[in-house]
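*Asks:* Give me the fold of what follows.
(one chain, ligands or ions: 1)
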Amino acid sequence: MRREYASPYISDLPMAKIGVECDRCWMRRRYVKAALLARIGDQNLPDLLPKFARAEGCTFTANVFTDRCRLRYDDESRIPKPPPKDPP
Ligand SMILES: [Zn+2]
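*Replies:* Okay, here's the model as predicted:
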C-alpha cells in the first residue's frame, strides 16, 4: 500500500492492542489492532488520534488553539525506539 506520510502507521505497531489516553477528559481506550485495521484500514497514527477522540466523544477535540484534547498513545503503544548508538 502506498503511504502518504512518513510517520508510522497502525501496521507498524508491534503490539496486538493499541491504547490511547487523554489527560483532559480522562478517556482511556484500548483497541484491538487487527479489528481496527479491518474496520478503518491502515492509517497514519498521528492523524488517527483526533478521529479516536471524536469517535469517543471527547469534548475538547473541537478546540483548535487552546484547551485542546490531549489524546495520545499510551506508554505501551509506541513504536519502540532503536537503542541509542554508542558515541564515536
Ligand atoms: Zn480528550
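*Asks:* for the ion, what are the nearby residues on this protein?
*Replies:* Within reach of the ion by CB under 5 Å from the ion, the chain has these residues: Cys22, Arg24, Cys25, Cys58, Phe60, Cys69. (Glycine included, C-beta is placed from N, CA and C.)
*Asks:* Looking at those residues, which has the smallest pLDDT value?
*Replies:* For the residues of the chain next to the ion, the weakest pLDDT value sits at Phe60, with 79.
*Asks:* The closest residue to that one other than its chain neighbours: what's it in contact with?
*Replies:* Among residues not flanking Phe60 along the chain, Cys69 sits closest, at 3.9 Å (CB to CB, 6 or more residues apart in numbering). Taking CB atoms under 8 Å, 6 or more residues apart in numbering, we find Cys69 in contact with Cys22, Arg24, Cys25, Pro50, Ala53, Cys58, Phe60, Thr61, Asn63.
*Asks:* Please consider this matter closed, and thank you.
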